[in-house]
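Q: Pasting the sequence and the predicted coordinates here, then a few questions.
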Amino acid sequence: MPGAVLVHGLYHQPEHFTRVAEGLRASGVDVLVPELHRGSLAADTAAVQAAVDRLTEPPLVLGHSYGGSVITGLRGVARLVYLAAFVPDEGESAASLGGASSRLRSAIEPRRDGFTRLDPSRALDVLYADCPEHLATWAVGLLRAQAPGCGRGVPERQSWKHAPSAYVVCAKDRAIDPELQRIMATRCGSVREWQTGHSPFVGRPDLVGDLVLELLATTETSGRAVQGDGADGSAG
């Protein structure tokens, strides 16, 4: 079975995927959860690419929210999963696609060092409102400050054009408009819709884990991975 790489979004960190990763590892999946916050989309993509390259076979890669922009620029993947995530085309960024909802923008607070943070009470409402209270509180406590500009980064290639892809619309999302998600989902090979908020990996890790296992079981890595930069079916 190919491995899996789980990619978090802005303000988040790998620990937010702990319950999903533990469940997958218990099922025998080799799981990597790289840390972003490298200062730019290019640097974040390079960090995830390094994780992909560590695995012996092209993996399934799941990106959440801004993580969709990150996974769009990868090579050598067997399958892409966009979880309430941005799916940029050539010349597009998360911001130009529509970016954060007004509710999420209202939760963002500037800091003197140029970074931004999320107001904890508003973050709980926008990101984790449908999660059990103790898990929502845990997730808010993990949120970290974010360097500016990552959401305006443009991927260098569009791997969803060359590797099998799936999109999960979170229909009760308060952070990214579900209608925007449905529009972006048309770029992917398959679409499903969950009645969850923005962060099912916190409140419903079983949903995320079961989806990854399902797609891993049907992933054909031979000849399907994104390998290079050209017009021969590789990433452009």
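A: Structure's in. What do you need? Residues are numbered from 1 along each chain as shown.
Q: can you give me the strands in this structure?
A: 4-7, 31-32, 60-64, 79-83, 108-110, 116-118, 165-170, 190-194 (DSSP state E).
Q: Format those strands as TSV; extra columns: mean neighbour count.
A: (Each C-beta comes from the backbone N, C-alpha and C, glycine too.) Listed next are these as TSV, based on neighbours: other C-beta atoms under 10 Å:
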stretch	mean neighbour count
strand 4-7	28
strand 31-32	20
strand 60-64	28
strand 79-83	27
strand 108-110	13
strand 116-118	18
strand 165-170	24
strand 190-194	14
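Q: Compile the ones you listed into a markdown table and extend it with columns for mean pLDDT.
A: Converted to a markdown table, these look like this (pLDDT from 0 to 100):
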| stretch | mean pLDDT |
| --- | --- |
| strand 4-7 | 98 |
| strand 31-32 | 98 |
| strand 60-64 | 98 |
| strand 79-83 | 98 |
| strand 108-110 | 96 |
| strand 116-118 | 96 |
| strand 165-170 | 98 |
| strand 190-194 | 98 |
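Q: Redo these as a markdown table? Include distance to Asp210.
A: Listed next are these as a markdown table, based on distance: least, C-beta to C-beta, whole Å:
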| stretch | distance to Asp210 |
| --- | --- |
| strand 4-7 | 13 |
| strand 31-32 | 14 |
| strand 60-64 | 13 |
| strand 79-83 | 12 |
| strand 108-110 | 32 |
| strand 116-118 | 29 |
| strand 165-170 | 12 |
| strand 190-194 | 11 |
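Q: and Ile183, which of those is closest to it?
A: strand 165-170 (10.0 Å; C-beta to C-beta).
Q: Just list what that closest one packs against, helices and strands only.
A: Using 3 or more C-beta pairs under 8 Å, 6 or more residues apart in numbering; DSSP states H and E, the elements in contact with strand 165-170 are strand 79-83, helix 178-185, strand 190-194, helix 205-218.
Q: and the gap between Val52 and Leu80?
A: Shown here: Val52 relative to Leu80, a distance of 11 Å by C-beta to C-beta, to the nearest Å.
Q: joint contacts of the two?
A: Here Val52 and Leu80 have 61, 74 as joint contacts, going by C-beta atoms under 8 Å, 6 or more residues apart in numbering.
Q: what about the chain, any weak spots by pLDDT?
A: For the chain, the stretches flagged by pLDDT under 70 are 220-236.
Q: what sits against Val191?
A: Counting by C-beta under 8 Å, 6+ apart, Val191 has contacts 166-169, 182, 185.
Q: Now distance to Gln146 too, for those, in TSV please.
A: As requested, those are exported to TSV (distance: C-beta to C-beta, whole Å):
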residue	distance to Gln146
Ala166	27
Tyr167	24
Val168	23
Val169	24
Arg182	26
Ala185	25
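Q: Perfect, I'm done here.
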